[in-house]
Structure formats: C-alpha cells, structure tokens
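Peer 1: fold the stuff below for me.
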Amino acid sequence: MSDIQWSDGAPIYRQLKERVIAMMLDGILKPGEALPSVRQVAAEYQLNPITVSRAYQELADEGLVEKRRGLGMFVTEEASRKLRSSERDRFLNEEWPAVVERIRRLGLSLEELLHALGNN
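Peer 2: All right, here's what the predicted structure looks like:
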C-alpha cells in the first residue's frame, strides 16, 4: 500500500478505505487479487486491527471486496465498474461544482484551461 500519511481530518479507517479504492481505480489492485491481510496492514502501519477490519468491512458492504473463508479478502470482478460509476457521480455532483465556482471566481477562460491542460 506504499507510504500512507494519515491526516487528522477523517477517521483512519475511512482514509485506509479511500486508499484501497484509489489502488483499485489505478489498477494496482485488480479483480480477483487478494488484499493484504488485516494483520499485515495493522502491523505495517501500526494500526489497531479493528480499524483495518472496519475499512475492509465497508469495502465488502459496498460489494468491492469479498471474503473467502480461510483465504482473506479479494477484489470483486465488478469492483472497477462500480467504482468508476460511483466516483464519476461523486466527482460530477460534489467536486465539479466547486471547481467550476473556482474557475469563475478566478476569471479563467476556456482557452486558458485548455492551454493549461495541454501543458500537463
């Protein structure tokens, strides 16, 4: 899971869950792959195993991972599709309006935005 910097702004289990989701969206964790064990993550990041379990349980409740008895948690086949759809909706409904407002406030033109996009 690489280096994780925990912030004080949100519960650690939620930050861990978001990190796992980002890894799924980035293709680091693929459908059918196992998540690191609760014990492994807890030890590596000095977390309470209950914190890790809570993050994993929320992922399971959302159908993004499934528990295989005696084997651990695995990314579901439909996780990528579900995530892309829900993350797109969340971006368009929650994040994009704030971006548009910031663009308006700064007086940026479409040409300036497209130029900036071309330079990245």
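Peer 1: distance of the residue nearest to residue 49 when sequence neighbours are not counted relative to residue 14?
Peer 2: Counting by CB to CB, 6 or more residues apart in numbering, residue 42 is the residue found nearest to residue 49 once chain neighbours are left out, at 4.4 Å. Bear in mind the C-beta positions are built from the backbone N, C-alpha and C, glycine included. Counting by CB to CB, to the nearest Å, the gap between residue 42 and residue 14 amounts to 16 Å.
Peer 1: neighbour-wise, which of those two wins?
Peer 2: Here residue 42 and residue 14 are set side by side on neighbour count (other CB atoms under 10 Å), and the busier one is residue 42, at 17 against 14.
Peer 1: same for the helix or strand containing the more buried one, what does it pack against?
Peer 2: Taking DSSP states H and E as the criterion, the element that holds residue 42 is helix 38-44. Here helix 38-44 is seen to pack against helix 49-61 when contacts are counted using 3 or more CB pairs under 8 Å, 6 or more residues apart in numbering; DSSP states H and E.
Peer 1: what's in contact with the helix it packs on?
Peer 2: Residues lying outside helix 49-61 but in contact with it, judged by CB atoms under 8 Å, 6 or more residues apart in numbering, are 12-14, 16-17, 20-21, 35, 38-39, 41-42, 65-67, 73.
Peer 1: narrow the residues you listed to those in helices?
Peer 2: When DSSP state H defines the helices, the subset of these inside them is 12, 13, 14, 16, 17, 20, 21, 38, 39, 41, 42.
Peer 1: name the helices or strands packed onto the lowest-mean-pLDDT helix or strand in the chain?
Peer 2: Ranking every helix and strand in the chain by mean pLDDT, DSSP states H and E puts helix 79-90 at the bottom, with a mean of 88. Helix 79-90 sits against helix 12-25, with contacts defined as 3+ CB pairs under 8 Å, 6+ apart.
Peer 1: average pLDDT for the helix it packs on?
Peer 2: Here the mean pLDDT over helix 12-25 is 93, rounded to a whole number.
Peer 1: this completes my enquiry, with thanks.
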